[in-house]
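Chemist: 3D model of this:
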Amino acid sequence: MKYNLQDFILELNTIIPEIERELTNRKMGIAGDGTVEQLTLFIDELKKIQSMAVSNNLPSKEHRYTAFTWYITDSWYQNSQLGKKLCELADKYKRKLE
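Modeler: Coordinates of the predicted model:
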């Protein structure tokens, strides 16, 4: 099944609020995946990508990258559901999105 720009935008519109909720939890002292700094970085990066996607101005596949995946694979628990969603989204962005 082909993964298109509209699918990607819909996924971004779902996952950004999820990360924002996690950020609120960290600020309230509720444990979970990611630090305040990491989650803030993720939100900023995803909002930039979202802006490029909405304006249909994404870089070509060979120039697409995400910084947040490094944090997830390096310091988050392997069974993190949010981490899994973010890594899958990054893979779609880098490899599957036309």
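
Chemist: Helices along this structure, start to end?
Modeler: Counting by DSSP state H, the chain has helices at residues 5-27, 36-54, 68-75, 81-91.

Chemist: Give me the mean pLDDT for the second one.
Modeler: Read that as helix 36-54. Averaging pLDDT along helix 36-54 yields 97.

Chemist: any idea of the angle that helix forms with helix 68-75?
Modeler: Counting by axes from the mean of the first three to the mean of the last three Cα atoms, to 10 degrees, helix 36-54 lies at 150 degrees to helix 68-75.

Chemist: Could you tell me the angle between helix 36-54 and helix 81-91?
Modeler: For helix 36-54 against helix 81-91, the angle by the same axes, to 10 degrees is 40 degrees.

Chemist: how close does Q38 get to Y3?
Modeler: Here the distance between Q38 and Y3 works out to 26 Å (Cβ to Cβ, to the nearest Å). (Glycine included, C-beta is placed from N, CA and C.)
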